[in-house]
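> model the structure of this input:
(chains A, B and C)
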Amino acid sequence: MTRKPMNPAPKARKGRKAGRRHPLASVALIAIGLLFTGGAYAAFSTTTASAESDANSQQTIDDGEKLFAANCATCHGLSAQGSGDGPSLIGVGAASVDFQVGTGRMPLQMQGPQALKKPVQFTEEQTAALAAYVASLAPGPAIPEGEVLDGQGDAAVGAELFRINCAMCHNVAGAGGALTEGKFAPSLADVSAVHVYEAMVTGPQNMPVFNDMNISPENKRDIITYLKYIEDNPSPGGLAIGSLGPVAEGLFIWIFGLGAIVALTVWITAKSN
Amino acid sequence: MAKDDNGGADTTAADSSSVARVEQSTGTSVVTRSAVGNPGFPPHRERVTDLDPKADRNAERTVYTLFYLSIAGSIFAIAAYMAFPIVPEDMGSVRLNNLFIGVGLTLALFGLGIGAVHWAKALMYAHEGVDERHEVRGTDVVRARAVEIFQQANEESGFGRRTLIRNSLFGALIAFPLPAVVLFRGLGPQDQDPVALLKTTLWEKGTRLTMDPTGVPIKASDVTLGSSFHVIPEGLIDLGHESKLAEKAKSAVLLMRLKPEQLTETPERAGWSYDGIVAYSKICTHVGCPVALYEQQTHHLLCPCHQSQFDVTNQCEVIFGPAKRALPQLPIAVDAEGYLIAQSDFTEPVGPSFWERS
Amino acid sequence: MTSVSTREPTEVKKSGGFTASAANYIDERTSVSGAVKELGRKIFPDHWSFLLGEVALFSFVIILLSGSFLTFFFDASMAEVHYDGSYAPLKGIAMSAAMQSTMDISFDIRGGLLMRQVHHWAALLFVAAIGLHMLRVFFTGAFRKPREINWVIGFVLFILAMAEGFTGYSLPDDLLSGNGLRIIDGLIKGIPVIGTWFSFLLFGGEFPGTAIVGRLYSLHILLLPAIIVALIAMHLLFVVVHKHTQYPSAGHTNKNVVGYPILPVYAAKAGGFFFIVFGVVMLIASFVTINPIWNYGPYDPSPVSAGTQPDWYIGFADGAMRLVPPGWEFVWLNHTYSMNILVVLGVVGLFIVTVMIYPFIEAWITGDKREHHVLDRPRNAPTRTAIGAAGVTFYASLWAAASSDIMATHFHLTMEGVIHTLQATTLLGPFLAFYITKRVCLALMKKDREIVLHGYESGRIVRLPGGEYVEVHQQVDDFERWKLVSYNDQKPLMLRPNANGKITVPEQVRAGLSRWFFEDRIAPVDQIELDQAHGAHHTEIEGSAVQPAQITDK
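All right, here's what the predicted structure looks like:
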């Protein structure tokens, strides 16, 4: 019976914990995430490599052309020359196709402010074939491979370049941010190195192009290294609450901090039974 | 208990202070004689711990257990300090250090706090007490004495009588802080005029456009369609720390390439771009955040601080948000080696508006 | 006073041992027994909402403790260094010594990050608790005579707390806070006549200069805390002088204060509560990151991060700046008038000043010169509550605007749409909130009247001997009824000519405001009405009159 007045306190504490997961749970989650992305990454880099080796073959290009005619030509035109519904793909290169199709942005589900990331619609072979076909139309950025993607560059240089060239849209921690008229710069969490690289080279949608004269391949490797670093190292301070900065922190203190304290004040002043 | 205190309290309070005084105005408050009377205190309700000795012992046990837990938490925090040291370069170790010291301290604090409150609630004497209130103002006697003291002081000093002394004293007291205002002039450098400084930047005729942060000069041919370059003037990185940031805060520029036919240019700015390449100040004309969010398809620039939007195709005029003025354009050209250079400084002050601007 | 006085009075009698001689030693040198006699059994009423001010006080103590630790390591210098600490993505990067020392506190001193996070979370809590405390004081009318001056002191503390917060936020010299200072610089420059020079002097030259962090540091750890400590002391002194307010309740009058004595109950509760608040802050600091400056990097005027926002308490001002439509700036007589800045400063300033002087406005309208120690239930002061709701709506709209970009991305809206919507809610929301709140308050007062006169609907239907069905109404008991009938009732001011036979303009204004305040009034039930209602009630269900009584007994 005397326990009764104690109830609100443990309850309040439990409530807070439930709202924000166990710390070790997040560590475990990150570990699992890392294993998974690492595995996927390993699988991916091997497949792109093999796709590249086949890329030259006429067979692949022909396959790609058929896929293109069936899936892409409605908007981009039968010979990829573009139409009112989609831009010309002549000269965009294999990198652009690999990014747009490989992240599920293409084929477009519906017209909107911008193409959204969604489950990938094609197999890796099909994506490679489409890329080979588009690359065969005119020279353009190729799918990157090898050292530039390994995340072994200089994270400090990468971080500085990231702050200057990327953070204003994608946020310093890569959490994403708003653009005009409903468009947004997506979060960079869980984006594979090859897609990050391709995005920089091709400038998908409203993202500016960062060619090799602007950010050298070595520097792009540094940026990828930085992104990998912040993904591999969870925030030393604990949960990052979305890395959204003061807004998230302010909401947190009002809802969980002051909320818990008000619950405790009610317990403190309630008459003991 | 204090049920019948109220009637008594009312009269005693009235007796002591307000006999000779007019009742204070109730203003527009409605005071009725027929108001419902205060029923006095409800009966006291005993707690379980008052009635059941077993519950009392349980509560006592809970309290000291909590205090012991608090001690355990403090010891845990000390142990965690030693057991989870920070390994240089290892962020995971910082995380664990933060987490476990914090958890130990949390336990120590909660144990103490919850224990003390539970003690107060469950075990301490639980009958409410009643204090009487008195009016905040001093009693008439005290107030009369205070007035008397002031009058006496006035008489003895002649403060009211000797008006010259009094007025000159006020004058002196007002004048005395004024030198402090002058002293604050020293907060800024003595030999500089902020207005002149705000109107010039590092850019001048022939200054090469270089990349931020490396300072590598940019060739016009490097700037492909759809790119955006973050630009600083040549020579900025060689400046000393102090002037470097101040100069960068004025001279940061964003370089973009559009198709020449997309650009609407007024005749007086006809030669300011080069083959679709345009350079605009990156410093917002609202309150000075870097406007660097370039959308290469819509050709809009967005400031992430207050959402002002600028149209690059239309000389960076404002299309949304609190800014009023277009971003200043840096006139550019190409030198003999193909590098981009400034034709001159900006033709208007960059950044936020200020009083002396125009 | 607390620790010394806890043991004295009882122990002195019991034993002539160490405690007694120690107490004697101290009293002979300090006369502390007088303070114990005066304060030791002072009564403090018990209600959860009376602890909100304590939350603010305790967070301030936590801030002082953790902040003192931080000063031992922080270097308030903007001299350029190249970072050589533990965090790989900043290695070799040029930054100020302030930023480097903050990085070192975070990553190279054990427990340093914890203290930083405790300090920053406690700072956010400090301002939030003050805000909530002010809302409680406002909505219960606790600012009325004799507490108007204490309201102003508390209000100044709120402003100082925000100033402390902002100066502290700027100290690490990271990218986020640097852009915050950049905005302050732009704001100041927009002030007519003095703006340019003010900014020049504040920053010790052109923005950003190398002086600002050191200057903010001396404000942050010396000047502002000293003023805050002094004002807190005054604030608490007045609480002692006035004695605490209490909610309307049976036995509570304007001439008494009912609750528990400071020694022992309140000392234990408030002392324990300090540790609980500290515990909550510590728990949050151990589990949740705040202000990850390592992500932001050092300040540099060129980069900026998406989602650049100030800490929450500055948000309303930042939001107000975002809501300004384009084009509010003009040149006149060769000088620039930045209305996009001046209007924001003016509106925010007016709002703040109105909050500060509200007690005096209300006192002037009612003309009530009596002391008020029993609080209003918010519903019983409908216009004041409605004004409060309008103010909260206004503030909340501005506050929400500071996160317009984050709302846009997280709720898949357009940024422009969010801003246009908030422009509308800022202008119209307060009126709507006023109207709704006032109607709700009046409805609740009507309900209270109904309950007092006819009791609660018990949900029990009884068949009378004549075959008629009636619902049994359960009467409220005397103690419950007192809460519902004991409120302060006001009627609109009647305009009367003064001694010179004139009606002055201020009196006309006052009468107008008074009408607006008190036109819709629901008078409390008085004894006559009560007797009538109960008489009627008894005859109404004469036959079953026994039954409601039985229900009450159960």
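> going forward, measure contacts and count neighbours with C-alpha atoms only.
OK.
> contacting residues around C:P192?
C:P192 makes contact with B:F354, B:W355, C:T336, C:Y337, according to Cα atoms under 8 Å, 6 or more residues apart in numbering or on different chains.
> ok, now B:K250?
B:T201, B:I283, B:V350, B:G351 are the contacts of B:K250 under Cα under 8 Å, 6+ apart.
> cool, C:W399 as well?
By Cα under 8 Å, 6+ apart, C:W399 lies in contact with C:W312, C:G315, C:F316, C:A317, C:D318, C:G319, C:A320.
> re earlier: can I get the contacts of C:P192 in TSV with secondary structure?
Shown next, in TSV, are the contacts of C:P192 (DSSP: H, G, I helix; E, B strand; the rest coil):
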residue	secondary structure
B:F354	coil
B:W355	coil
C:T336	strand
C:Y337	strand
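> tabulate those residues (JSON lines), appending neighbour count and pLDDT.
JSON lines is the format used below for the contacts of C:P192 (neighbours: other Cα atoms under 10 Å in any protein chain shown; pLDDT from 0 to 100):
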{"residue": "B:F354", "neighbour count": "27", "pLDDT": "94"}
{"residue": "B:W355", "neighbour count": "21", "pLDDT": "93"}
{"residue": "C:T336", "neighbour count": "20", "pLDDT": "91"}
{"residue": "C:Y337", "neighbour count": "22", "pLDDT": "93"}
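> out of the residues you listed, the closest to chain A would be?
Closest approach between the contacts of C:P192 and chain A, by Cα to the nearest Cα: B:F354, at 25.6 Å.
> where exactly do the strands run in the stretch 151-300 of chain C?
Applying DSSP state E, counting those that start in this stretch to the stretch 151-300 of chain C gives strands spanning C:256-261.
> next: the stretch 51-200 of chain A.
Remark: strands assigned in the stretch 51-200 of chain A by DSSP E, counting those that start in this stretch are A:177-178, A:184-185.
> among those strands, which is nearest C:S486?
Nearest to C:S486, of all the strands of the stretch 51-200 of chain A, is strand A:177-178, at 53.5 Å by Cα to Cα.
> quick one: is that closest one near chain C?
Yes. Strand A:177-178 reaches chain C (Cα under 8 Å from any Cα of the partner chain) through A:G177, A:A178.
> rounded mean pLDDT for that strand, please.
For strand A:177-178, mean pLDDT rounds to 92.
> mind giving me the packing neighbours of that strand?
The contact analysis (3 or more Cα pairs under 8 Å, 6 or more residues apart in numbering or on different chains; DSSP states H and E) places strand A:177-178 against helix A:167-170, strand A:184-185, helix C:404-410.
> quick one: which of the ones you listed is nearest B:G276?
Closest approach to B:G276 among those is made by helix A:167-170 (23.6 Å; Cα to Cα).
> and the contacts of that closest one?
A:173-174, A:176-179, A:184-188, B:292-293, B:304, C:303-306.
> re the thing from before, from the contacts of C:W399, which is closest to chain A?
Each of the contacts of C:W399 was checked against chain A using Cα to the nearest Cα; the closest is C:W312, at 5.0 Å.
> which of the contacts of C:P192 sit farthest apart?
Within these, B:F354 and C:Y337 form the most distant pair, 7.9 Å apart (Cα to Cα).
> any shared contact partners between these two?
Joint contacts of B:F354 and C:Y337 (Cα under 8 Å, 6+ apart) are C:G190, C:P192.
> ends of stretch B:328-346, what's the gap?
By Cα to Cα, to the nearest Å, the extent of stretch B:328-346 from end to end equals 7 Å.
> from B:Q152, how far off is the closest residue to B:F159 other than its chain neighbours?
Nearest residue to B:F159, sequence neighbours excluded (Cα to Cα, 6 or more residues apart in numbering or on different chains): B:R166, at 6.2 Å. Separation of B:R166 from B:Q152 (Cα to Cα) stands at 17 Å.
> flag every residue of the stretch 401-550 of chain C that's near chain A.
Remark: the part of the stretch 401-550 of chain C in contact with chain A comprises C:S403, C:D405, C:I406, C:A408, C:T409, C:H412, C:L413, C:T414, C:M415, C:E416, using Cα under 8 Å from any Cα.
> what about the first one, neighbour count?
Right, the one you point to is C:S403. 28 (other Cα atoms under 10 Å in any protein chain shown).
> pLDDT wise, what is it at?
93.
> so which residue is dead centre in chain B?
For chain B, the residue sitting closest to the mean C-alpha position, by Cα atoms, centre = their mean, is B:C305 at 15.2 Å.
> how close does the closest residue to it other than its chain neighbours sit to A:V247?
Using Cα to Cα, 6+ apart and skipping residues adjacent in sequence, the residue nearest B:C305 is C:T308, 5.7 Å away. Distance, C:T308 to A:V247, by Cα to Cα: 9 Å.
> quick check: longest helix of chain C.
Using DSSP state H to define each element, chain C has its longest helix at helix C:415-454.
> quick one on the thing from earlier: need the max-distance pair from the contacts of B:K250.
Maximum pairwise distance among the contacts of B:K250 (Cα to Cα): 12.3 Å, between B:T201 and B:I283.
> ok so, going back, drop anything exposed from the contacts of helix A:167-170.
Buried residues within the contacts of helix A:167-170, counting neighbours by 16 or more other Cα atoms under 10 Å in any protein chain shown: A:173-174, A:176-179, A:184-186, A:188, B:292-293, B:304, C:303-306.
> confidence score at residue 136?
You didn't say which chain, so I picked chain A. So A:S136 comes in at 86 (pLDDT).
> wait, I meant chain C there
pLDDT for C:R136: 97.
> give the contact list for it.
Per Cα under 8 Å, 6+ apart, neighbours of C:R136: C:S49.
> now the helix or strand in which it is found: buried residues?
For C:R136, the host element (DSSP states H and E) is helix C:112-139. Neighbour counts over helix C:112-139 (16+ other Cα under 10 Å) mark C:112-134, C:136-139 as buried.
> center of chain C, which residue is that?
In chain C, the C-alpha nearest the mean C-alpha coordinate belongs to C:G131, at 2.0 Å (Cα atoms, centre = their mean).
> correct me if wrong: that residue contacts C:I159.
No. Using Cα atoms under 8 Å as the test, C:G131 is too far from C:I159 to be in contact (10.4 Å).
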